[in-house]
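A.B. asks: predicted structure and sequence below. I'll ask about it afterward.
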There are 2 protein chains.
Amino acid sequence: MNDFAKSALLPNGLRDILPLDAEYEADVVSRVTAHFAAQGYDRVKPPLIEFEDTLLDGAGAAMVKQCFRVMDPVTQRMMALRADMTPQVARIARTRLAGMPRPLRLSYAGQVLRVKGSQLRPERQFGQAGIELIGADCPEADAEVAILAAEALVALGVPGVSVDLSLPTLVPAILAGLDVADESLRSSLDHKDAAAVLALGGVAAPLLSALLKAAGPAERALDILNGLDLPAQAAAERDRLAKVVALIEHAAPDVTLTIDPVENRGFEYHTGISFTLFAQNISGELGRGGRYLAGGNEPATGATLFLDTVLAALPGPVTAKRTFVPAGAPRALAQALRAQGWITVAGLAPVADNAAEAKRLGCGHVLLADGIKSVE
Amino acid sequence: MNDFAKSALLPNGLRDILPLDAEYEADVVSRVTAHFAAQGYDRVKPPLIEFEDTLLDGAGAAMVKQCFRVMDPVTQRMMALRADMTPQVARIARTRLAGMPRPLRLSYAGQVLRVKGSQLRPERQFGQAGIELIGADCPEADAEVAILAAEALVALGVPGVSVDLSLPTLVPAILAGLDVADESLRSSLDHKDAAAVLALGGVAAPLLSALLKAAGPAERALDILNGLDLPAQAAAERDRLAKVVALIEHAAPDVTLTIDPVENRGFEYHTGISFTLFAQNISGELGRGGRYLAGGNEPATGATLFLDTVLAALPGPVTAKRTFVPAGAPRALAQALRAQGWITVAGLAPVADNAAEAKRLGCGHVLLADGIKSVE
């Protein structure tokens, strides 16, 4: 390996984003945040790094193993790099914006860093863009964030957007009071291992097996769930889910809705209806969200889009018209071209063949005395 | 201090940016990068963190004391958080984009983190947005980046933009071969201490004193410099400076040009004409740039805007029209309002007094059966 190749090496899971992808990513973030802003979600921007005990408090505790730590030379206290932005936004809501009226709608976009990538997401740095709806506990709030996140993807042009709803509190509500809850049962449910669920489920086995089978299209799942004889708390959660499904179907009829009643993984700090966003033919999730407590006991729900997967689901950048402007051409002329949407690439010194120079510099056009000509 | 106030505390130099400032900052970055893109500067996005030996190589060496370090648990190698983006962009140019035609025009925008703030810039995290012009050694290249950076500020609406040109290689060129170069002389020049310069300057004292006095408006400074009997290399540098001044004056007549021929501080890795950007009534620099070597010995020049100071020079965000849309209002109606530029804030449940609710939520308007009404 030569010196050049060596110096190109970045740590695993970190990468350089090159032309034209970097501009495209920034443009996608702008469009997503504009979409959120139009529905009253005001942007906040927390820092990349905070005191460890602040960042990893409350909802942030789930990220404790994912954060890089550094010592603050000023205070000698440990700081952590954010691995997720939701806990930061929740912190802002309960502190600096404690006096703002509720429900409080906030949005954010920024980079997060993680100590290790996962199999599904090897990236250790990626962009997040999301919303938090803080201080509202109703199903309408659950539906609003899911609709807004799904519609943001639809507006970007993501094909076949689907929302997979889950209810991480449903299984605990069923198992509450029963003497069957244990780690291997939870793990069997997570792995959709029907045989193990039957074996480990005890008195709850028939109900849990039925939940496993219910996973799939929302209407069918709700039919099955409605036919189950659930304990009171679990039945209330099911009814709320049905209401949220109806609200989303009404508002976003083009979005596919599925339900996975036993899904739990990745919803460590969630306390109610949660969801994952997918797109046709894209493996991996484009975003996720759900209900949590924003500090103290303030009800909140939110959604985060993962820019790396969102970008993978999109057709990619369109190249703009680019013209070479030879050295000495009037500046006003180049300015007028830019006002028309052209990218102008200035010649720094006169060259013998302006068309050839345009081509060499990757311009499809050249500005000559009699106007713009194609060089292709 | 109560728990809420305590959890709001961030490390010195780090802060939460709140509504509406966060959106305004993002908007300013978009406008700046669009300005750069229109003149053929293609955006790249390096990661926030890299291997220490890559990040702090070459032009990055000047930042060695400013970078936070963390261990990469995957490779067990040290990584550093970027404190400046220029060395990263130079790395991309000499590695991944080594095969692209020159001159190569790249732009970037992102956050940087520094171990300690300075007196002039207490922030330890701030945004940078900039350009690099790589592979061109001519005065036209020097002028292009200075013009583009200054014009970006003018286009944003920054009042009284000025470019302070300096030539960090001029004093070394004068002192070359003379037995007077020493640390205290350099420090006296940096502090504009005319008496000390006279005392320490030896045979170069008259010339150095004249350089000190030349600092000021560009035309006057050039007049003084032109009257000096400079050694050959220093004279060549002065002539190049004069050419760059003429190019900038021609292209951007509204921008104030000054020259500080002895300024050196902050240009640690610069090898030629450099500059600092200022605005009327704003203390602190809005950006800086200049000539450097992009790795190997490839000539390069670039400019970086510092978003914190740029934002301080701007009038701030304009509030958009915001209307409350009561629960149950047709979705298509809210959509039509957003298409007209309104921000819509949805009611999650019916309320007795929609106008009062609009007011409570900070909306200036409310959507009623007979249209939008002001509530102010």
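C.D. replies: Received, thanks. Numbers count the residues shown, from 1 in each chain, chains lettered A, B, ... in the order given.
A.B. asks: when you work out contacts or count neighbours from here on, use the C-alpha atoms and nothing else.
C.D. replies: Will do.
A.B. asks: mind jotting down where the helices sit in chain A?
C.D. replies: In chain A, the helices defined using DSSP state H lie at A:3-7, A:21-38, A:52-55, A:86-94, A:139-156, A:170-175, A:183-190, A:194-200, A:205-214, A:218-226, A:232-251, A:307-312, A:331-339, A:354-360.
A.B. asks: turn those into a markdown table, including mean neighbour count.
C.D. replies: Conversion of these to a markdown table gives the following (neighbours: other CA atoms under 10 Å in any protein chain shown):
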| stretch | mean neighbour count |
| --- | --- |
| helix A:3-7 | 13 |
| helix A:21-38 | 20 |
| helix A:52-55 | 21 |
| helix A:86-94 | 24 |
| helix A:139-156 | 22 |
| helix A:170-175 | 20 |
| helix A:183-190 | 16 |
| helix A:194-200 | 17 |
| helix A:205-214 | 19 |
| helix A:218-226 | 17 |
| helix A:232-251 | 18 |
| helix A:307-312 | 19 |
| helix A:331-339 | 14 |
| helix A:354-360 | 19 |
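A.B. asks: between those, which one is closest to chain B.
C.D. replies: helix A:21-38 (4.5 Å; CA to the nearest CA).
A.B. asks: who touches that closest one?
C.D. replies: A:42-43, A:107-109, A:129-131, A:148, A:152-153, A:156, A:307, A:311, A:316-317, B:42-45, B:338, B:341-344 (CA atoms under 8 Å, 6 or more residues apart in numbering or on different chains).
A.B. asks: repeat that for stretch A:74-88.
C.D. replies: Contacts for stretch A:74-88 (CA under 8 Å, 6+ apart): A:46, A:48-53, A:55-56, A:58-60, A:63, A:66-72, A:108, A:110, A:112-114, A:128, A:132, A:294, A:302, A:304, B:11-12, B:116.
A.B. asks: any of these buried? List them.
C.D. replies: A:46, A:48-53, A:55-56, A:58-60, A:63, A:66-72, A:108, A:110, A:112-114, A:128, A:132, A:294, A:302, A:304, B:11, B:116 (16 or more other CA atoms under 10 Å in any protein chain shown).
A.B. asks: around chain B, pick out the residues from the stretch 151-300 of chain A.
C.D. replies: Remark: the part of the stretch 151-300 of chain A in contact with chain B comprises A:Ala251, using CA under 8 Å from any CA of the partner chain.
A.B. asks: what ranges in the stretch 151-300 of chain A fall below the confidence cut-off?
C.D. replies: Along the stretch 151-300 of chain A, the model assigns pLDDT under 70 to residues A:181, A:267.
A.B. asks: also the stretch 1-150 of chain A?
C.D. replies: In the stretch 1-150 of chain A, residues with pLDDT under 70: A:1-8.
A.B. asks: let's see it at 50
C.D. replies: A:1 (pLDDT under 50).
A.B. asks: dihedrals phi and psi, the spatially closest residue to A:Pro350 that is not a sequence neighbour?
C.D. replies: Of all residues not flanking A:Pro350 in the chain, A:Ala327 sits nearest, at 5.4 Å (CA to CA, 6 or more residues apart in numbering or on different chains). Dihedral pair for A:Ala327: phi -50, psi 140, per degrees, to the nearest 10.
A.B. asks: surely A:Ala327 meets A:Asp353?
C.D. replies: No: with contacts counted by CA atoms under 8 Å, A:Ala327 stays clear of A:Asp353, the gap being 11.9 Å.
A.B. asks: if you count surrounding residues, which of those two has more?
C.D. replies: Neighbours per residue (other CA atoms under 10 Å in any protein chain shown) separate A:Ala327 from A:Asp353, with A:Ala327 holding more: 16 against 9.
A.B. asks: ok, that one - contacts?
C.D. replies: A:346-350.
A.B. asks: what pLDDT does it get?
C.D. replies: Listed pLDDT for A:Ala327 reads 97.
A.B. asks: let me see the contact set for the residue nearest in space to the middle of chain A.
C.D. replies: Nearest to the mean C-alpha position of chain A, counting by CA atoms, centre = their mean, stands A:Leu305 at 1.4 Å. For A:Leu305, the contact set (CA under 8 Å, 6+ apart) comprises A:128-130, A:149, A:286-288.
A.B. asks: identify, from those, the entry nearest to A:Ala173.
C.D. replies: Distance to A:Ala173, by CA to CA, is smallest for A:Arg288 among the contacts of A:Leu305, at 22.4 Å.
A.B. asks: okay if I get the contacts of A:Ala327 as a markdown table plus pLDDT and neighbour count?
C.D. replies: Listed next are these as a markdown table, based on pLDDT from 0 to 100; neighbours: other CA atoms under 10 Å in any protein chain shown:
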| residue | pLDDT | neighbour count |
| --- | --- | --- |
| A:Ala346 | 98 | 20 |
| A:Gly347 | 98 | 20 |
| A:Leu348 | 98 | 19 |
| A:Ala349 | 97 | 12 |
| A:Pro350 | 97 | 10 |
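A.B. asks: which one among the residues you listed gets closest to chain B?
C.D. replies: A:Leu348 (5.7 Å).
A.B. asks: quick one: contacts for that closest one?
C.D. replies: Neighbours of A:Leu348 in contact, by CA under 8 Å, 6+ apart: A:326-327, B:138, B:140-141.
A.B. asks: gap between the nearest residue to A:Met78 once chain neighbours are set aside and B:Cys67?
C.D. replies: Counting by CA to CA, 6+ apart, the nearest residue to A:Met78 once its immediate chain neighbours are dropped is A:Met71, at 4.6 Å. Separation of A:Met71 from B:Cys67 (CA to CA, to the nearest Å) stands at 12 Å.
A.B. asks: my guess is A:Leu18 meets B:Pro47, correct?
C.D. replies: No: with contact defined as CA under 8 Å, A:Leu18 does not count as touching B:Pro47 (11.2 Å).
A.B. asks: neighbour-wise, which of the two wins?
C.D. replies: For A:Leu18 versus B:Pro47, neighbours defined as other CA under 10 Å are more numerous around B:Pro47 (23 against 17).
A.B. asks: please consider this matter closed, and thank you.
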